[in-house]
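Trainee: Below are the sequence and a predicted model; questions follow.
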Amino acid sequence: MASTITTTGPLFQAGGLASGLDTNSIVDAIITAKSAAMLQVQKQQTAYSVQISTVANLTSKLKALQSASDALATGGLAPNQPDGSYSDFTVSGSPPREGSYSVQVETLARAAKLRTATTFSSAQDPAAVGLTGPLQFSIDGVTSPATAIDMTGKSLADIAAAINTQIPGLTASVVATGSAYSLSVARNTMGFTTTQDQALQVVGGVGLGLVSSQLADNAVVKVDGLEVTRHTNSVSGVIPGVTLNLRANSNVATDVNFVSDTSSATTNINSFITAYNDVATLLNTQMRPDPSTAATNNAMAGTYMLSLQRDMHNLLSQKINTTGSVQTLADLNVSLQDDGTLALDASTFQSTFADALSANPDGANAIFSNDKTGIGSLVDAMVNRQIGIQTVVLPTGEHLYVDGALVSETKVLNDSVTSLDQTVNYWQTYLANERTRLTAQFTAMEATIATLNTASNYLNALSSSSGTSTSSGYTYKTTSNG
């Protein structure tokens with residue numbers, strides 16, 4: 001029995017993989033799929049980074065609020081200012097109350113000075129000095145051996161430079177007097193604590209000829225008949241909150257009247273309100289985020305934010321003055337809005353902001369300036385709890401220093417980012433190795449397929465040499481008798 005098997009097309013075929021598959025895209029797809037876990041970690045890192053930025057922003061706004069409240073605590077909401085100017089002194093600062101003071105400058109503070117009694121022919125030539133041995137000074141009766149200047153082989157300029165280098169309390173200079181030169185030495189501070197003569201003395205090297213050119217003086221000023229002595233011409237602590245800068249001796253006492261200046265009060269209170277509202281708005285954004293935004297995942301509503309928001313609200317109702325028409329910040333017509341911000345609201349109270357200020361300007365100033373209970377002190381304490389260092393007294397009496405809430409939060413967030421860096425590094429290394437492995441496998445596969453294709457072509461070529469070629473391919477016939 002005879003049988004015939006007919007096959008059309010190549011006898012050997014390897015599927016065309018060597019030329020038909022985009023192996024690079026396949027590897028990319030596999031790596032992308034395996035990258036999902038790493039991308040999740042990186043997403044968490046990004047969220048932490050946003051939170052770190054938010055904490056930094058909140059810290060900056062708290063500092064701005066502190067600066068605004070400190071300015072009002074120091075200068076006053078309606079600062080008490082002198083009603084005139086004076087020739088013998090100037091006035092800076094603001095007392096907590098309106099009032100009048102009698103001021104008379106009796107003596108200005110001066111620094112002790114020495115100068116050589118004779119002149120020298122040269123500032124640079126050591127021979128012009130021609131002295132050996134030490135030059136030493138006593139300041140208020142105190143002499144330090146370390147301050148001795150060796151004049152041997154030194155010019156006048158050398159001696160001046162040595163004094164400036166070795167004696168911090170003195171300043172020396174060479175003064176040109178036409179064709180001659182002299183040495184001048186002065187104390188860096190005015191006044192004296194011993195006597196005028198002992199304020200500055202030469203205790204060695206008398207041969208240089210240094211003598212007193214100006215005796216030291218302490219400042220003496222009478223305020224309401226009380227004589228006050230200071231070592232400088234800047235006199236504070238006599239009139240509360242005020243510094244007197246003395247300029248000349250007075251022939252007679254001068255009355256200084258301090259009156260409330262309400263002209264900038266609205267601007268001053270609004271500067272505080274603006275700084276307050278910047279903090280409140282940021283807190284609202286974090287504690288009540290818009291659910292439609294992607295930033296929701298990065299919002300923070302930790303215990304420290306709840307505590308900060310509570311402290312902010314308490315500023316409005318805190319009773320600061322126990323008497324008078326202005327006892328709280330709310331009494332100045334500053335009201336808390338529904339969104340947690342502040343506003344001047346004249347309609348809420350019986351009097352307007354201006355009326356409340358006019359009725360009790362000292363009470364209005366005290367709202368910010370009162371020690372411990374004023375807004376300035378309260379804001380300082382509140383900000384310090386967030387960005388400062390807290391002191392905790394343990395039952396044993398030991399002191400424990402703890403970072404403020406925002407400082408601690410920043411450290412925690414930074415530690416979290418650092419920790420996740422290690423995870424990301426692991427995944428990056430793993431994925432790089434996986435890409436290398438897959439690429440090597442596909443390369444080996446392509447090489448094998450290419451070899452099979454070569455063998456297929458060779459066998460097909462051998463087969464075609466004994467067959468009949470047709471337009472549709474090769475036809476092979478096998479006949480057997482049986």
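Mentor: Here it is on my side, so go on. Numbers count the residues shown, from 1 in each chain.

Trainee: Report the secondary structure state of the residue nearest to the spatial centre of the chain.
Mentor: When C-alpha atoms, centre = their mean is applied to the chain, the residue found nearest the centroid is Ser60 (7.8 Å). Here Ser60 is recorded as helix under DSSP: H, G, I helix; E, B strand; the rest coil.

Trainee: Next, the contact list for it, please.
Mentor: Contact partners of Ser60, counting by C-beta atoms under 8 Å, 6 or more residues apart in numbering, are absent. (Each C-beta comes from the backbone N, C-alpha and C, glycine too.)

Trainee: And it, how close does it get to Thr54?
Mentor: Counting by C-beta to C-beta, to the nearest Å, the gap from Ser60 to Thr54 is 11 Å.

Trainee: Spatially nearest residue to Leu156 (excluding sequence neighbours)?
Mentor: Of all residues not flanking Leu156 in the chain, Ala123 sits nearest, at 4.8 Å (C-beta to C-beta, 6 or more residues apart in numbering).

Trainee: That neighbour against Ala157, yeah?
Mentor: Yes - using C-beta atoms under 8 Å, Ala123 makes contact with Ala157 at a distance of 4.8 Å.

Trainee: any shared contact partners between those two?
Mentor: Val174.

Trainee: sorry, back to before: do you know the pLDDT at the residue nearest to the centre of the chain?
Mentor: If you check Ser60, the pLDDT there is 93.

Trainee: Could you pull out the helices in the stretch 1-150 of the chain for me?
Mentor: For the stretch 1-150 of the chain, the helices defined by DSSP state H, counting those that start in this stretch cover 17-20, 23-34, 36-75.

Trainee: actually the stretch 301-450 of the chain, sorry about that
Mentor: Taking DSSP H, counting those that start in this stretch, the helices of the stretch 301-450 of the chain run over residues 303-317, 353-359, 361-369, 375-387, 405-464.

Trainee: Mean pLDDT and mean neighbour count for these - can I get that in a markdown table?
Mentor: Below are these laid out as a markdown table (pLDDT from 0 to 100; neighbours: other C-beta atoms under 10 Å):
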| stretch | mean pLDDT | mean neighbour count |
| --- | --- | --- |
| helix 303-317 | 84 | 16 |
| helix 353-359 | 81 | 17 |
| helix 361-369 | 87 | 25 |
| helix 375-387 | 91 | 20 |
| helix 405-464 | 84 | 14 |
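
Trainee: wait, which of the ones you listed is closest to Ala161?
Mentor: helix 375-387 (45.9 Å; C-beta to C-beta).

Trainee: So which elements touch the closest one?
Mentor: Judged by 3 or more C-beta pairs under 8 Å, 6 or more residues apart in numbering; DSSP states H and E, helix 375-387 is in contact with helix 36-75, helix 303-317, helix 361-369, helix 405-464.

Trainee: In TSV, list the ones you listed along with distance to Thr232.
Mentor: Converted to TSV, the helices and strands packed on helix 375-387 look like this (distance: least, C-beta to C-beta, whole Å):
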stretch	distance to Thr232
helix 36-75	21
helix 303-317	38
helix 361-369	25
helix 405-464	38
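
Trainee: Quick check: which of these is nearest to Phe192?
Mentor: Phe192 lies closest, by C-beta to C-beta, to one member of the helices and strands packed on helix 375-387: helix 36-75, at 31.8 Å.

Trainee: In that closest one, which residues are buried?
Mentor: Going by neighbour count (16 or more other C-beta atoms under 10 Å), the buried part of helix 36-75 is 38, 41, 44-45, 47-48, 50-52, 54-55, 58-59, 61-62, 64-66, 68-73, 75.

Trainee: what's the distance between the residue nearest to the centre of the chain and Trp427?
Mentor: Distance from Ser60 to Trp427, counting by C-beta to C-beta: 35 Å.

Trainee: Could you report the pLDDT at Ala148?
Mentor: 87.

Trainee: thought it was touching Ser138?
Mentor: No - counting by C-beta under 8 Å, Ala148 stays clear of Ser138, with 11.4 Å between them.
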